[in-house]
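Asks: Okay, structure incoming, though there's no sequence with it:
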């Protein structure tokens, strides 16, 4: 396996400026992404996996020609902890559909939301999710998608399953499962008490230390990242913002400096509201400007 020497930076979906410019085709997507100096793109299947194989292959070819790695965000309605057994087990089908899509694109990573606690304790919700995760790994292998990487995401609402520790528990099911650390989500679910202001660098460092202890392998170096500024309420995440919206955090510069200092090479996907490419370029610039270890 070739080791990355730097993080990959990219976008979740396409900025408003892409549509304003009239882009439509897979080649347009690849060219737009590359024009910002980005090397990753996360295709959004939040409302269902609807991309046709031919378009997925065309997108994969266009992006491969420009050195852009592809991932897929699985449907939002996955609920690995649902009290409704049918809904819980259908989550595995949605992961399989997402694996098929990312395979057609030539990518490997499938990012997904674990679910919510609902009318059960966090402990019971996690137990259900762990069972679903084990079943999902077996199903992925049986379907011939063993090279795909499932990435459970840390979540922004207090009642959602997806604290850092819950995500790490899911990652312990199989050594291929890699965390998607959404720093905006963690900031929002803490209601701005973590990853904010002068304490942000220390909070980021503590989280990276925790990843290293929990994972103990290459996943702690090449994990998946979502990043954006996020407004919050008492319930956690309210909405995604842009880097120009500075009333809320989290700040990106301290995190990029730590990535550089520690030699970490995650895939960093920007989820800003409409300015994904522009803000992803700012993330890449902050990393480049940080001092080398």
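Replies: Received it, and whenever you're ready, just let me know what you need. For clarity, every value in this text was computed on a predicted model and none was experimentally measured.

Asks: now the helices for the stretch 101-250 of the chain?
Replies: 122-142, 164-171, 183-189, 200-215, 219-222 (DSSP state H, counting those that start in this stretch).

Asks: Contacts made by the longest one with the rest, please.
Replies: Right, the one you point to is helix 122-142. 80-83, 88-89, 91-92, 95-96, 99, 114-118, 120, 146, 148, 150, 152, 161, 166, 169-170, 173-174, 176-177 (Cβ atoms under 8 Å, 6 or more residues apart in numbering). Backbone N, C-alpha and C define where each C-beta goes, glycine included.

Asks: Please identify the deepest-packed of the helices of the stretch 101-250 of the chain.
Replies: Most buried of those, by mean neighbour count (mean count of other Cβ atoms under 10 Å): helix 183-189, with a mean of 27.

Asks: still on that earlier bit, out of the contacts of helix 122-142, name the ones that lie in strands.
Replies: 115-116, 150, 152, 161 (DSSP state E).

Asks: Please indicate which of these has the highest neighbour count?
Replies: Counting neighbours by other Cβ atoms under 10 Å, the top entry in those is residue 152, with 29 neighbours.

Asks: Tell me which residues are up against the helix or strand hosting residue 11.
Replies: According to DSSP states H and E, residue 11 maps onto strand 8-12. By Cβ under 8 Å, 6+ apart, the residues outside strand 8-12 that reach it are 33, 37-42, 44, 68-69, 73, 226, 265-271, 276-277, 280-281, 283-284, 287.

Asks: List of residues touching the helix or strand following that strand?
Replies: Of the helices and strands lying after strand 8-12 in sequence (DSSP H and E), the nearest is helix 16-20. Contacting residues not belonging to helix 16-20 are listed as 28-29, 32, 274-275, 277-278 [Cβ under 8 Å, 6+ apart].

Asks: hmm, 6 Å instead?
Replies: 32, 274 (Cβ atoms under 6 Å, 6 or more residues apart in numbering).

Asks: Start the count at 415 instead of 1 going forward.
Replies: Right, with 415 as the first residue, what we last looked at is helix 430-434.

Asks: Roughly how far does the closest residue to residue 512 other than its chain neighbours sit from residue 507?
Replies: In this structure, residue 512 finds its nearest non-sequential neighbour in residue 488, 4.0 Å apart by Cβ to Cβ, 6 or more residues apart in numbering. Noted for residue 488: a distance of 11 Å to residue 507, by Cβ to Cβ, to the nearest Å.

Asks: of these two, who's got more company?
Replies: residue 488 (27 against 14).

Asks: Next, work out how far apart that one and residue 527 are.
Replies: 8 Å.

Asks: next one: the strand holding residue 425 to chain centre, how far?
Replies: 10 Å (Cα atoms, centre = their mean, to the nearest Å).
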